[in-house]
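Asker: what follows is a protein structure lacking sequence information:
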C-alpha cells in the first residue's frame, strides 16, 4: 500500500502558503499537469484562446507557471502574459522556473476575487482548475469580466467531481467515499455550473465541451488521505473497512485493472 507520507490533501491548494510542508502540494500539481489527459486539456484550453490575435493575456491561478510560458511562446511580437496566483509559494516558484527563458511573462501575487490590474487590461484570460478552490466563484467570474477588454475571450476548465468514477468491487463503500469527496470540496459541482455562471456575469458566445479525464492510481491516491480519515472520524466508515477497501483497490491496480477518472468542462466565452 502507498505510504501515507506521499499522500496530500488537494484542498490544500486553497491555502498553499499555510501548509506545513508545501513540497507535496507542488509535487501533486506537477504529477497532475504531467499526465497525458491533462496535457491534452491544457493544449485545448490554449487553442481556444486564439493567441495569434492576443496582446495581453492573464493566467488567473497560474500555479507553477508552465501554462503561462507555453502561451507566451504563441503570442505575436509585443505580446505579454501575466500570471496571477494567491500563493506566494507558487509565484516564487513560477518566477524561478521562468528565469532566463526570455519569455514575455510576469508573475505576481494577487487574489482572483480582486485581480490587481485596472479594468479592461487584458484581451485574453485563462482560468484552469481555479474555481474548485474558491469560496465565491461568481465573484471570480465578475473579476474576469472586469479585466477583459470588450470582445475579450476567456477559456476556463473545471472538473465536476460529481462525475468521478472508480472501478471497485465494493460499490457501497466506493459510492460513500466518492460522494463524500464531492460534497466536501469547496466547489465539487462547479464544472457543470460554468455556463450558467458565465452567462449570469454577462458573457456571450458561451460554449462548454465535456472532457473525460482519466486519473492514474498514484494521482487518485494523492487525494484520499483527508476524505478517508474524515469518514473514519465521523464514524461513517470504520477503519477496518477503509483498510480493506484500500487493499482491494491496490490489488486491482497491481493486476493492471485500475480505472478511474472524472469529467471536466472546457468553457469559452466572450465579453460584450
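Answerer: Ah, there it is. Treat the numbers as computed from the prediction; the structure is a model and nothing was measured.

Asker: centre of the chain versus stretch 119-130, how much separation?
Answerer: 15 Å (C-alpha atoms, centre = their mean, to the nearest Å).

Asker: one more: stretch 157-174?
Answerer: With C-alpha atoms, centre = their mean, you get 17 Å for stretch 157-174.

Asker: am I right that residue 126 is in a strand?
Answerer: Yes. When DSSP: H, G, I helix; E, B strand; the rest coil is applied, residue 126 is found to be in a strand.

Asker: how much space between it and residue 252?
Answerer: With distances taken as C-beta to C-beta, to the nearest Å, residue 126 is found 36 Å from residue 252. To be clear about C-beta, it is placed using only N, CA and C from the backbone, and glycine gets the same treatment.

Asker: and the two? Which one has more around it.
Answerer: Just comparing residue 126 and residue 252: by other C-beta atoms under 10 Å the higher neighbour count belongs to residue 126, 28 against 18.

Asker: spit out the contact partners of the more buried one.
Answerer: 45, 46, 49, 57, 58, 59, 60, 67, 71, 154, 155, 156 (C-beta atoms under 8 Å, 6 or more residues apart in numbering).

Asker: can I assume residue 56 is in contact with residue 120?
Answerer: No. The pair residue 56 / residue 120 is not scored as a contact, 9.9 Å apart, by C-beta atoms under 8 Å.

Asker: when these two are compared, which one has more neighbours?
Answerer: More crowded of residue 56 and residue 120, by other C-beta under 10 Å: residue 56, with 21 against 14.

Asker: enumerate every residue touching the more buried one.
Answerer: Contacts of residue 56 (C-beta under 8 Å, 6+ apart): 79, 80, 82, 121, 122, 123, 124.

Asker: including distance to residue 210 and pLDDT, could the residues you listed go into TSV?
Answerer: As requested, those are exported to TSV (distance: C-beta to C-beta, whole Å; pLDDT from 0 to 100):
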residue	distance to residue 210	pLDDT
79	30	97
80	32	98
82	29	98
121	31	98
122	27	98
123	27	98
124	23	98
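
Asker: and the two most separated of those?
Answerer: 79 and 121 (13.4 Å; C-beta to C-beta).

Asker: centre of the chain to stretch 228-237, how far?
Answerer: Using C-alpha atoms, centre = their mean, the offset of stretch 228-237 from its chain centre is 26 Å.

Asker: cool, and stretch 92-103?
Answerer: The answer for stretch 92-103 is 21 Å, by C-alpha atoms, centre = their mean.

Asker: buried ones in that stretch?
Answerer: Judged by neighbour count (16 or more other C-beta atoms under 10 Å), stretch 92-103 contains these buried residues: 93, 94, 98, 103.

Asker: and the end-to-end length of it?
Answerer: End-to-end distance for stretch 92-103, by C-alpha to C-alpha, to the nearest Å: 16 Å.

Asker: residues contacting that stretch, please?
Answerer: Here stretch 92-103 has contacts from 26, 62-66, 68-69, 72-73, 81, 83, 85, 105, 107, using C-beta under 8 Å, 6+ apart.

Asker: stretch 246-266 too?
Answerer: With C-beta under 8 Å, 6+ apart as the test, stretch 246-266 has contacts from 1-2, 37, 41, 44-45, 48, 155-161, 163-170, 191-192, 194, 208-217, 220, 224, 228.

Asker: can you pull out the helices in the stretch 151-272 of the chain?
Answerer: Along the stretch 151-272 of the chain, the stretches classed as helices by DSSP state H, counting those that start in this stretch are 171-184, 190-200, 217-222, 225-233, 239-254.

Asker: any chance of JSON lines for those helices, columns distance to residue 142 and mean pLDDT?
Answerer: Formatted as JSON lines, the helices of the stretch 151-272 of the chain follow (distance: least, C-beta to C-beta, whole Å; pLDDT from 0 to 100):
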{"stretch": "helix 171-184", "distance to residue 142": "25", "mean pLDDT": "94"}
{"stretch": "helix 190-200", "distance to residue 142": "9", "mean pLDDT": "98"}
{"stretch": "helix 217-222", "distance to residue 142": "32", "mean pLDDT": "81"}
{"stretch": "helix 225-233", "distance to residue 142": "30", "mean pLDDT": "87"}
{"stretch": "helix 239-254", "distance to residue 142": "41", "mean pLDDT": "96"}
